[in-house]
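Visitor: Kindly return the folded structure for what I paste below:
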Amino acid sequence: MRAARTLAVTATAFAALGLAAPLATATHGPSSVTVGSSAVQRGGDGIHVNVIPSAVHQGSTLTITVKGCAAGTVSSAAFPTVTLSAPFGGVSSAVARIHNHATPGEHVLTVNCTSPSRVVNQRFRVLAGQGTTGGLGGSLAPSATEMAVGGSLVAATALGGGLFIARRRRMSGAGV
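Guide: Reported below is the predicted structural model:
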């Protein structure tokens, strides 16, 4: 009898591991949008602007790197104005969070360099819908439905455990 239980538990553990293995080894999920970076060099002024990614969801962040601009700001209708960081290796950068209500489609960002005094524009695309909400682990409270399901499962487990103990006590004839 013990060998049969051990075999059943082992088989269940291997089945659970086998079903979870594809999820654990997956590295890239399906995607309908290819997201890359875009770069532009304007009129020989030596200023290079990179926008990473070139297509971003509403509410997500956009990284702008500028080579050849020691100080300045980046602005767009899709995000609030951000200040370029101090240059490191000749490259300044800024991170902008796209508005949740930004209109999907093509947008233009403007890099206003104060040193040297130049203005450079770069296009990027805003995609409809919210991106993933990764990194929130445990910071969101469960919904009322999730609490009801969890409470029901706990109650069913307690009732089943109580019935099992009562039945076992009757079958063995043992007193408390």
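
Visitor: per-residue pLDDT, the closest residue to residue 80 other than its chain neighbours?
Guide: Nearest non-adjacent residue to residue 80, counting by C-beta to C-beta, 6 or more residues apart in numbering: residue 96, 7.2 Å away. The C-beta positions use only the backbone N, C-alpha and C, and glycine is treated the same way. pLDDT recorded at residue 96 is 91.

Visitor: got it, and the one 5 residues further on?
Guide: Note on residue 101: pLDDT of 87.

Visitor: for stretch 69-86, which positions count as buried?
Guide: 69, 72, 74, 76, 78, 79, 82, 84 (16 or more other C-beta atoms under 10 Å).

Visitor: Residue 170: which of those is nearest?
Guide: The closest of those to residue 170 turns out to be residue 79 (C-beta to C-beta; 69.7 Å).

Visitor: In contact with that closest one, which residues?
Guide: Contacts for residue 79 (C-beta atoms under 8 Å, 6 or more residues apart in numbering) come out as 62, 96, 97, 98, 99, 102, 109.

Visitor: now, the most widely separated pair of the buried residues of stretch 69-86?
Guide: 69 and 78 (20.3 Å).

Visitor: you'd agree residue 120 is in a helix?
Guide: No: going by DSSP: H, G, I helix; E, B strand; the rest coil, the assignment for residue 120 is strand, not a helix.

Visitor: what residues does stretch 113-133 touch?
Guide: Contacts for stretch 113-133 (C-beta under 8 Å, 6+ apart): 33, 38, 40, 42, 45, 47, 49, 51, 54-60, 62, 64, 66, 68-72, 78, 98, 100, 102-112.

Visitor: I'd like to know which of those are part of strands.
Guide: Residues of the contacts of stretch 113-133 located in strands (DSSP state E): 38, 40, 49, 51, 55-58, 62, 64, 66, 71-72, 105-112.

Visitor: hmm, which of the residues you listed are the buried ones?
Guide: 49, 51, 55-58, 62, 64, 66, 72, 107, 109-112.

Visitor: Residue 171: which of those is nearest?
Guide: Of those, the one sitting nearest to residue 171 (C-beta to C-beta) turns out to be residue 57, at 60.2 Å.
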